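# Can you look at this prediction? I've put the sequence above it.
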Amino acid sequence: MTDLERFVSERSPRWKRLEALLDEAQRMPESALGRSRLQELLLLYRSASADLNQARALTANPQLLGTVNQLVGRAYRFIYQRRRGAAPIQWKRFFLRDIPSTFRREERWVRRSTIALLLGAVVGFTAVIRDPGQARSLLPGQFFTDSPAARVEKIEKGDERIDTLRKATEFGSFLYTHNIQVSFLTFALGALTFVGALAMLFYNGVLLGAVAAQYLIDGAGTFFVAWVGPHGALEIPSIVFAGAAGLVAGRALLFPGDEGRPAALRASFPAVLRMLCACAILLVFAGLIEGSFSQMSARAVPHAVKIAVACVLFAAMNAWLFLGRAREAT
Amino acid sequence: MRRRRLVHSPEHVLIELTPAGLGTRFAAFLLDAALIFGATALVGQLGLFLPEAIRALFIATASFAVLWGYNVLFEVLWNGQSPGKRALRIRVVDGRGLPVDVSQSLIRNVVRLVDILPLGGIGMVAALLDAEHRRLGDRAADTLVVSEEQPAVPRIEALGARRFNSLRTPRVKRLVDHKLGIEERELIYALCLRAPLLSERARYELFEEIGEHYRVRLGVEDPHLSGENLVRGIASLCAGTA
């Protein structure tokens, strides 16, 4: 028997046992595995680690090395994983503490994306105010209306567009799934290119500003605020938040600094996850409001009420995310 | 050639992660896409049993949850594997070789929106240009898709040691032990393991050519020994199975 042969025949029972324990651990929660088997797994992992080092010195046989490498890698992944399920996820804490404190800590990124959106809005608004003909070139077909006043007339005088629960839920769910995808895209562009998110926000600002200017010129300013306000109070900030999350991720990927890219990325993950969660939740609410309440005519709900609702929603969202002192989330 | 990523474990062992091939990943993607499509269709059918008022809400919400939740859910619960990935024996792992967490899985799947842009072009090109075959989503989430092709138990026999190994003499054994370096051994192993994949002609010529090198190197005198027999004989001596 050569050294290697002895080595393999001596160690392979342990490898098999380790493999069997890992299979078992995969099938059941850790608590069911029991202390003694966990300890055995740990011991076997250490000895397999040593075996891998020894095997590298003994042989270049790719199959043997590959097998032991695979086994050690698997055990390593099991042993050093972050523990899930050790404590149940604390939803209340997640929503009321973790998410708000993240927003407060990343406030500068939220501010920067807000500025990008507002700049776009100012550009779109002034362009259309100075030359109403600009609207046609600035706005894609679906947002362009020849005469907002005529449209307002039709909406206010005609039948209610959303008159059944079915229409409201159908439109609402279409809106929020679509909006979440748009904000995910904004996030992805920001995470990969940084400026991509700013550009998306700027563009959305231009659209918003241009449409607002069109309605204002036609004397339908109040209608516009009452129509867009109730859902816009949540929807517009959401896309800003998605963009801000993209900037946080993009900064870590593109400008990681001294700590190095993997560390910078890892530090940014919890913030990104929380910001995207907040964004998705807000968009579900916004979509459902947009599909029903926002579409109601002044006959059903006076404009003043709709605008008041918009203000309350906006204030509530800000109170949730930004009021209170920044606490370290753990 | 795909580059392997080396992870240092706290036990001072280098663990090699082998990136999965693009073809395999694409196959896994197609399989998952088919499953997502099937689940969405099923959701649509289930929706028909609901009252009309909330049918659309249910269908849109459930399809949305399937579309976005499928990969994230499986990657987190199944330790980096979706059903398609499991079927093709590949796995998403964190850049340090650990399991992916929720945020990483979410990020790599959200960035997929950009990766699939012109018919999957961006992600494909990004993965092709990257030595570890990471698409953009993998870069943003610092993840890696690794292959887990290795069998559970080492099979040294796969080197194909011949039943009668005329090289098994103390003299050749000693020469093999003392003269052949790691690289020369690796060449032999790689050749033996790949032989079944080669065409007859290439296999013959390659074994003859390489056999000649070792014939001279080890001073093997038997002229009737074919290149393949010679190489396989040496391989089994190196691997210690002779």
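Sure thing, it's come through.
# Enumerate every residue touching A:Gln26.
For A:Gln26, the contact set (CB atoms under 8 Å, 6 or more residues apart in numbering or on different chains) comprises B:Asn79. C-betas here are computed from N, CA, C, even on glycine.
# how far away is the spatially most central residue of chain A from A:Ala244?
Compute the mean C-alpha point of chain A, and by CA atoms, centre = their mean the closest residue is A:Leu276, 2.2 Å away. As judged by CB to CB, to the nearest Å, A:Leu276 and A:Ala244 stand 10 Å apart.
# A:Gly172 now?
For A:Gly172, the distance to A:Ala244 under the criterion CB to CB works out to 25 Å.
# ok, those two, which is more surrounded?
A:Ala244 (31 against 27; other CB atoms under 10 Å in any protein chain shown).
# Go ahead and confirm B:His8 touches B:Glu16.
No - judged on CB atoms under 8 Å, B:His8 makes no contact with B:Glu16 at a distance of 11.2 Å.
# For the two, work out which one has more neighbours and name it.
Counting neighbours by other CB under 10 Å for B:His8 and for B:Glu16 shows that B:Glu16 has the greater number, 17 against 11.
# So what does the more buried one look like in phi/psi?
With angles defined as degrees, to the nearest 10, B:Glu16 sits at phi -90, psi 130.
# burial count for residue 11?
Went with chain A since none was named. Other residues within reach of A:Arg11 by the criterion other CB under 10 Å amount to 18.
# nope, chain B please
Burial of B:Glu11, expressed as a neighbour count using other CB under 10 Å, amounts to 16.
# Now do the SS call for the nearest residue to it once chain neighbours are set aside.
The shortest distance from B:Glu11 to any non-neighbouring residue, by CB to CB, 6 or more residues apart in numbering or on different chains, is to A:Ser49 (4.2 Å). Under DSSP: H, G, I helix; E, B strand; the rest coil, the three-state class of A:Ser49 is helix.
# domains of chain B?
Following automatic domain parsing, one gets these domains for chain B: B:5-147, B:156-239.
# Run the chain-centre distance for the lowest-mean-pLDDT helix or strand in chain B.
Sorted by mean pLDDT, DSSP states H and E, the helices and strands of chain B end with helix B:182-194, the least confident at a mean of 76. Chain-centre distance of helix B:182-194: 19 Å, with CA atoms, centre = their mean, to the nearest Å.
# next one: stretch B:91-105
Here stretch B:91-105 is found 17 Å from its chain centre; the criterion is CA atoms, centre = their mean.
# Can you give me the end-to-end span of it?
This stretch, stretch B:91-105, spans 12 Å end to end (CA to CA, to the nearest Å).
# With chain A in mind, check whether that stretch reaches it.
Yes - under the criterion of CB under 8 Å from any CB of the partner chain, stretch B:91-105 makes contact with chain A via B:93, B:95-99, B:101-104.
# Which residue, other than its chain neighbours, is closest to A:Arg37?
Taking CB to CB, 6+ apart, and ignoring the residues beside it in sequence, A:Arg37 has A:Leu21 as its nearest neighbour in space, at 6.2 Å.
# That neighbour contacts A:Gly34, doesn't it?
No - look at A:Leu21 against A:Gly34 with CB under 8 Å: they stay out of range, at 10.9 Å.
# So for these two, which sits in the more crowded spot?
In terms of neighbours (other CB under 10 Å), A:Leu21 is the more surrounded of A:Leu21 and A:Gly34; the figures are 20 against 11.
# tell me the mean pLDDT over the host helix or strand of the more buried one?
With elements taken from DSSP states H and E, the one containing A:Leu21 is helix A:3-27. Within the predicted structure, the mean pLDDT of helix A:3-27 is 82.
# That one: how far from the chain's middle?
In terms of CA atoms, centre = their mean, the gap separating the centre of helix A:3-27 from the centre of its chain is 42 Å.
# With stretch B:183-196 instead?
18 Å.
# in chain B, which residue is closest to the centre?
Among the residues of chain B, the smallest C-alpha distance to the mean C-alpha position (CA atoms, centre = their mean) belongs to B:Ser147, namely 2.9 Å.
# ok, back up a step: how near is the residue nearest to the centre of chain A to B:Ser105?
Going from A:Leu276 to B:Ser105 by CB to CB gives 12 Å.
# Of all the residues in the helix holding A:Leu21, which ones are buried?
For helix A:3-27, burial by neighbour count (16 or more other CB atoms under 10 Å in any protein chain shown) applies to A:4, A:7-8, A:11-12, A:15, A:18-19, A:21-22, A:25.
# ok, back up a step: please look at the residue nearest to B:Glu11 and A:Val72 and confirm they touch.
Yes - at 5.5 Å, A:Ser49 counts as touching A:Val72 under the criterion of CB under 8 Å.
# Name the residues contacting each of those two.
Common neighbours of A:Ser49 and A:Val72, counting by CB under 8 Å, 6+ apart, are B:9, B:13.
# Of those two, which one has the most company?
Set side by side, A:Ser49 and A:Val72 give different neighbour counts by other CB under 10 Å, the larger being at A:Val72 (27 against 22).
# low pLDDT regions in the chain?
Since no chain was named, I'll use chain A. Regions of chain A meeting the criterion pLDDT under 70 cover residues A:1-4, A:30-31, A:60-61, A:83-88, A:158-163, A:324-330.
# that's the wrong chain, I meant chain B
Applying pLDDT under 70 to chain B flags the ranges B:1-2, B:120, B:150-164, B:182, B:239-242.
# Would you map the helices across it?
In order along the chain, chain B carries the following helices (DSSP state H): B:22-47, B:52-77, B:83-87, B:102-110, B:112-115, B:121-129, B:136-141, B:170-179, B:182-194, B:200-218, B:227-239.
# Serialize those helices to TSV and add fields for mean neighbour count and distance to A:Phe187.
Rendered in TSV, the data for the helices of chain B read as follows (neighbours: other CB atoms under 10 Å in any protein chain shown; distance: least, CB to CB, whole Å):
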stretch	mean neighbour count	distance to A:Phe187
helix B:22-47	15	21
helix B:52-77	18	13
helix B:83-87	19	24
helix B:102-110	25	6
helix B:112-115	21	9
helix B:121-129	16	16
helix B:136-141	26	10
helix B:170-179	13	58
helix B:182-194	17	44
helix B:200-218	15	50
helix B:227-239	24	51
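# want to throw those helices into CSV with distance to A:Val309?
Formatted as CSV, the entries for the helices of chain B read as follows, by distance: least, CB to CB, whole Å:
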stretch, distance to A:Val309
helix B:22-47, 31
helix B:52-77, 21
helix B:83-87, 45
helix B:102-110, 31
helix B:112-115, 32
helix B:121-129, 42
helix B:136-141, 37
helix B:170-179, 85
helix B:182-194, 70
helix B:200-218, 76
helix B:227-239, 77
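# of all these, which lies closest to A:Ala197?
Of all the helices of chain B, the one in closest proximity to A:Ala197, counting by CB to CB, is helix B:112-115 (11.7 Å).
# Around chain B, pick out the residues from the stretch 101-250 of chain A.
Residues of the stretch 101-250 of chain A lying close to chain B (CB under 8 Å from any CB) are A:164-166, A:169-170, A:172-174, A:177, A:180-181, A:184-185, A:187-189, A:191-192, A:249.
# Might you report the residue contacts of residue 176?
All of this is about chain A. A:283-284, A:286-288.
# should've been chain B
Contacts here follow CB under 8 Å, 6+ apart; on that basis B:Val176 touches B:218, B:234, B:237-238.
# could you check the distance from it over to chain A?
For B:Val176, the distance to chain A under the criterion CB to the nearest CB, to the nearest Å works out to 10 Å.
# And B:Val231, by the same measure?
Looking at B:Val231 against chain A, where the rule is CB to the nearest CB, the gap reads 14 Å.
# and what of B:Gln45?
From B:Gln45 across to chain A, the span is 18 Å (CB to the nearest CB).
# who are the neighbours in contact with the residue nearest to B:Leu67 when sequence neighbours are not counted?
For B:Leu67, ignoring the flanking residues on the chain, the nearest one in space by CB to CB, 6+ apart is B:Ile36 at 6.3 Å. With contact set as CB under 8 Å, 6+ apart, B:Ile36 has these partners: B:66-67, B:70.
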